[in-house]
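[1] Have a look; sequence and predicted model below, questions after that.
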Amino acid sequence: MLCCVRPVSSGLAFIRPLTSFRRHMEVDSRRPVEDAIRIKLTQALKPERLEVHNESHMHAVPPGSESHFRVLVVSSQFEGLPLIKCHRLVNEALKEELSSCVHALAIQAGRE
């Protein structure tokens, strides 16, 4: 079973199964969270350009973690929207990941 370890304030960690990711990809994927982010943003926003970068290695987390991400999303759905609404669309598409495994998400969103 794939699991996500998310630190809590006491310094302990809890484990949450990543069963929701099994619908979209192979169970043996080495990057289930990154893959899920890419799939969900593609489905929700149909971007002309999408970059997903796992920046977890830059933080004090175990090697191979998927907890800190940076995304660049260019989509026609952002046309005429203020930046905050573009970010809200990204956050809405990733609400499951943000409430479970993803600790930090840096967003660059807009129209080229």
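    Received the coordinates, thanks.
[2] Can you tell me what sits against stretch 75-85?
    Applying C-beta atoms under 8 Å, 6 or more residues apart in numbering, the external contacts of stretch 75-85 come out as 45-48, 86, 89, 109-111. Every residue, glycine included, has its C-beta placed from N, CA and C.
[3] Of all the residues in that stretch, which ones are buried?
    Neighbour counts over stretch 75-85 (16 or more other C-beta atoms under 10 Å) mark 75, 78, 81 as buried.
[4] got the contact list for the nearest residue to N54 once chain neighbours are set aside?
    Ranked by C-beta to C-beta, 6 or more residues apart in numbering and with sequence neighbours excluded, the top spatial neighbour of N54 is E34, at 5.3 Å. Shown in contact with E34 (C-beta under 8 Å, 6+ apart): 52, 54, 66, 69.
[5] The third one should be in a strand, yeah?
    No: with the criterion set as DSSP: H, G, I helix; E, B strand; the rest coil, the secondary structure at E66 is coil rather than a strand.
[6] Spit out the contact partners of it.
    With C-beta under 8 Å, 6+ apart, E66 has these contacts: 4, 31-34, 54, 56, 101-102.
[7] For it, report the pLDDT, please.
    With respect to pLDDT, E66 has a value of 90.
[8] Ok, the last one next?
    Reported pLDDT at F69 in the predicted model: 96.
[9] sec struct for E51, please.
    On the three-state scheme (three-state DSSP), E51 is labelled strand.
[10] which one is it nearest to, not counting chain neighbours?
    Among residues not flanking E51 along the chain, L72 sits closest, at 4.1 Å (C-beta to C-beta, 6+ apart).
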